[in-house]
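Asker: Generate a structure from the sequence data that follows.
(one chain, ligands or ions: 1)
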Amino acid sequence: MRLLVTGGAGFIGSNLVHSLLPKTEVEKLVVLDSLTYAGHQLSLEGAEEFSKYSFAKVDLRERESVSKLINTEEITHVIHLAAESHVDRSISDPGSFIETNVLGTFNLLEACRVFWKENYSKCRFVHVSTDEVFGSLGKTGVFSESSPYQPNSPYSASKAGADHLVRAYNHTYDFPSIITNCSNNFGPFQFPEKLIPKTIHFAESGKSIPVYGNGSNIRDWLFVKDHIGALWLALVKGKTGESYNIGGDNEWTNLRVVETICDLVDRDLNRSAGKSRNLITFTKDRLGHDFRYGIDADKINYYLGWKPEHEFEAALENTV
Ligand code: NAD
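Answerer: This is a model prediction of the structure:
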């Protein structure tokens with residue numbers, strides 16, 4: 001396959017590139033990334049040792065540049081990760097989320113549809129989305145693939161818009177697309193605006209650690225390498241037109257995650273127990289903050305044989 005990874009300089013993208021480059025099925029791997037504040041070529045260090053690797057600084061919002069890249073690199077497979085990804089930024093600046101996540105996805109779909117038109121059977125497009133499109137859960141229940149879309153933030157609404165376009169392309173044109181909806185990821189190369197890396201950095205440097213509300217919001221955490229395993233299976237074994245939920249069956253309150261990181265940092269730095277926990281500061285809750293996400297990942301387990309392999313606390317310790 002001649003694979004395009006969009007957003008390959010971001011958190012999940014860079015982990016994905018490192019893991020897919022050695023695969024013999026991948027004849028060529030091109031990263032498309034515009035290198036926003038969230039994209040770092042340092043995260044891709046070592047990739048250039050593979051002659052099959054190349055990097056294209058292209059903005060998804062520029063349709064002609066996207067089409068040109070797909071054509072000149074003769075792309076057959078796409079894993080589409082590039083996005084504006086931080087909920088807080090979507091609350092203060094929703095416009096860039098619509099431009100990149102909705103219009104950017106449209107540009108990419110159009111470029112592939114036109115270039116692949118004679119060759120759908122040899123091509124695949126995996127659109128990487130989030131469980132946040134399903135909205136918020138109460139104390140019980142989990143999201144399945146048939147849960148209604150009820151996005152609550154400009155971020156999740158823009159991802160939902162992109163999901164709808166991908167679905168419509170499959171339905172209308174028989175476009176060979178697959179959608180994945182994953183829960184919260186953590187691991188190496190994550191930008192330190194997100195809960196886990198931010199807490200690690202703040203605890204290490206002795207800064208006050210902000211926690212929204214009373215810290216009782218619940219997320220289903222998955223180690224990034226487990227997500228990547230699922231994306232690869234979706235690419236090579238997934239059924240086009242289908243969507244697959246991906247999750248860790250691993251729900252934690254934000255406060256419990258933060259306290260666990262505090263204890264790991266104190267232990268690593270030989271500090272007295274409880275020192276970093278004293279840095280925790282409860283702040284005004286995020287606007288429209290979703291209370292709980294939880295994923296039913298039975299479908300991808302049953303049809304593609306995927307299940308998470310990394311134990312949460314061990315992976316968190318490694319990340320710290
Ligand atoms: P990230 O913010 O770390 O990386 C996004 C990458 O996209 C960056 O390298 C950035 O430079 C690039 N990018 C942004 N706008 C672009 C544009 N207009 N043109 C080209 N490149 C652009 O994000 P992430 O956490 O790695 O998430 C990747 C994807 O996975 C996103 O689509 C996100 O919605 C989805 N996702 C993330 C999580 C998570 O917990 N991180 C969970 C489920 C789904």
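Asker: residue ranges with poor pLDDT in the stretch 201-320 of the chain?
Answerer: Within the stretch 201-320 of the chain, no stretch has pLDDT under 70.
Asker: interface residues of this structure facing the ligand?
Answerer: Among all residues of the chain, those adjacent to the ligand (criterion: CB under 6 Å from any ligand atom) are 7, 9-13, 33-36, 38-39, 59-61, 81-85, 100, 104, 128, 130, 159, 182, 184-185, 191. The C-beta positions use only the backbone N, C-alpha and C, and glycine is treated the same way.
Asker: need the helices for the stretch 151-300 of the chain, in chain order.
Answerer: Using DSSP state H, counting those that start in this stretch, the helices of the stretch 151-300 of the chain run over residues 154-173, 195-205, 224-237, 254-268, 298-304.
Asker: For this protein, which residue gets nearest to the ligand?
Answerer: Ranking the residues of the chain by distance to the ligand (CB to the nearest ligand atom) places residue 10 first, at 2.0 Å.
Asker: what residues are up against that residue?
Answerer: Contact analysis of residue 10 by CB atoms under 8 Å, 6 or more residues apart in numbering lists 33, 38-39, 43, 81-82, 85, 191.
Asker: The stretch 51-200 of the chain: strands as residue ranges?
Answerer: Residue ranges of the strands in the stretch 51-200 of the chain, as given by DSSP state E, counting those that start in this stretch, are 53-57, 77-80, 124-130, 177-182, 184-186.
Asker: and those strands as TSV, adding mean pLDDT and mean neighbour count?
Answerer: TSV is the format used below for these (pLDDT from 0 to 100; neighbours: other CB atoms under 10 Å):
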stretch	mean pLDDT	mean neighbour count
strand 53-57	98	16
strand 77-80	98	26
strand 124-130	98	25
strand 177-182	98	25
strand 184-186	98	23
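Asker: can you put these in JSON lines and add distance to residue 246?
Answerer: Below are those laid out as JSON lines (distance: least, CB to CB, whole Å):
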{"stretch": "strand 53-57", "distance to residue 246": "25"}
{"stretch": "strand 77-80", "distance to residue 246": "13"}
{"stretch": "strand 124-130", "distance to residue 246": "9"}
{"stretch": "strand 177-182", "distance to residue 246": "4"}
{"stretch": "strand 184-186", "distance to residue 246": "9"}
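Asker: Out of the ones you listed, which is closest to residue 204?
Answerer: Go through the strands of the stretch 51-200 of the chain one by one with CB to CB and the one that ends up closest to residue 204 is strand 184-186, at 16.0 Å.
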